[in-house]
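Asker: no sequence for this one, just the structure:
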């Protein structure tokens, strides 16, 4: 039974997934369906967490919109996620940045890795 599930999930994985980590600032291009029309919407923010693995892997992105924090969670291998573009690499020491939810303004920033 376990091998059957692994084979099904292996067929659903995307070929090219952008390499990003927790703390990175990313742009997520997602398909949005409005009635009969379909368009691509961009959501830019900091990656708070990545969960699970394989076909079930999800990631959460947080941004501040008009002073209100907005978080969205997407499945990484979903067809609704067109592409993920990394803007800045963040320097963090944790796997999940839930403490950013309590912070506003400059305190909510993540240090950038300079190369």
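Answerer: It's in. A quick note: this is a predicted structure, and the numbers were derived from the prediction, not measured. Residues are numbered from 1 along each chain as shown.

Asker: surely residue 14 and residue 75 touch.
Answerer: No: using CB atoms under 8 Å, residue 14 is not in contact with residue 75, being 10.2 Å away. In short, each C-beta sits where N, CA and C put it, glycine included.

Asker: neighbour-wise, which of the two wins?
Answerer: residue 75 (15 against 12; other CB atoms under 10 Å).

Asker: help me confirm that that one comes into contact with residue 81.
Answerer: Yes: counting by CB under 8 Å, residue 75 touches residue 81, with 7.3 Å between them.

Asker: low-confidence ranges, the protein, go.
Answerer: 1 (pLDDT under 70).

Asker: longest strand anywhere in it?
Answerer: strand 37-51 (DSSP state E).

Asker: which residue ranges form the helices in the protein?
Answerer: Assigned by DSSP state H, the helices in the chain fall at 2-12.

Asker: can you show me the strands along it?
Answerer: With DSSP E as the criterion, the chain has strands spanning 25-34, 37-51, 58-65, 68-75, 81-88.

Asker: nearest to residue 98, out of these?
Answerer: strand 37-51 (6.6 Å; CB to CB).

Asker: skipping adjacent residues, who's closest to residue 19 in space?
Answerer: The shortest distance from residue 19 to any non-neighbouring residue, by CB to CB, 6 or more residues apart in numbering, is to residue 86 (7.8 Å).
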